[in-house]
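Enquirer: Here you go, sequence then predicted model.
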Amino acid sequence: MMQRIRTKMMQDEGFTLIELLIVIVILGILAAVVVFAVNGITNKGTTAACQSDKKSVQVASEAYFAQNGQYAPAVAGQAPYLIQANNQGFLQNWPSSTSYTITYTGGGGTTPPTISSTLSGC
């Protein structure tokens with residue numbers, strides 16, 4: 001009887017502690033890879049949004065120039081004459097984000113303004 005119990009216990013296979021630890025380490029490494037991959041995607045999205053906002057301000061500035069013969073003057077880093085007021089503006093509102101700031105400097109004459117951002121790579 002005891003012999004049969006010993007034989008059954010020897011045949012009963014399961015995972016050892018080492019095998020379980022190896023699986024946990026592998027899962028941890030895979031999770032770290034996924035986290036860094038998602039972070040890169042988010043950064044690319046922010047950069048693309050910044051570039052799009054800069055381009056929108058540039059296009060609105062050129063449209064203002066085409067209509068008025070001069071570029072919109074800058075006021076406190078923005079161009080309020082580009083923003084929609086009584087359906088006369090070229091932008092619905094000034095682009096803003098918590099990740100970057102679009103700055104409009106110069107303008108007010110025939111020299112094109114400088115449109116910059118605080119986000120590197122934008």
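Expert: Now that the structure is in, tell me what you want to look at.
Enquirer: any idea of the mean pLDDT for the longest helix along the chain?
Expert: Using DSSP state H to define each element, the chain has its longest helix at helix 17-68. Averaging pLDDT along helix 17-68 gives 88.
Enquirer: C-terminal to it, which secondary structure element comes first?
Expert: Sequence order places strand 102-105 as the next helix or strand after helix 17-68, per DSSP states H and E.
Enquirer: rewinding a little: now for the longest helix of the chain, which elements pack on it?
Expert: Packing partners of helix 17-68 (3 or more Cβ pairs under 8 Å, 6 or more residues apart in numbering; DSSP states H and E): strand 102-105, strand 114-117. In this view, the C-beta of every residue, glycine as well, is placed from N, C-alpha and C.
Enquirer: List the contacts of the last one.
Expert: The reference is to strand 114-117. Identification of contacts with strand 114-117 by Cβ atoms under 8 Å, 6 or more residues apart in numbering yields 50, 53-54, 57-58, 61, 100-106.
Enquirer: Could you turn the buried ones of those residues into a PyMOL selection?
Expert: Listed next is the PyMOL selection for buried residues among those, using 16 or more other Cβ atoms under 10 Å:
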select buried, resi 50+53+54+57+61+100+101+102+103+104
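Enquirer: Switch the contacts of strand 114-117 over to JSON lines; also include distance to residue 115.
Expert: Supplementary listing: the contacts of strand 114-117 in JSON lines, determined by distance: Cβ to Cβ, whole Å:
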{"residue": "50", "distance to residue 115": "11"}
{"residue": "53", "distance to residue 115": "9"}
{"residue": "54", "distance to residue 115": "6"}
{"residue": "57", "distance to residue 115": "5"}
{"residue": "58", "distance to residue 115": "5"}
{"residue": "61", "distance to residue 115": "7"}
{"residue": "100", "distance to residue 115": "12"}
{"residue": "101", "distance to residue 115": "11"}
{"residue": "102", "distance to residue 115": "7"}
{"residue": "103", "distance to residue 115": "7"}
{"residue": "104", "distance to residue 115": "6"}
{"residue": "105", "distance to residue 115": "8"}
{"residue": "106", "distance to residue 115": "9"}
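Enquirer: Many thanks, I have nothing further to ask.
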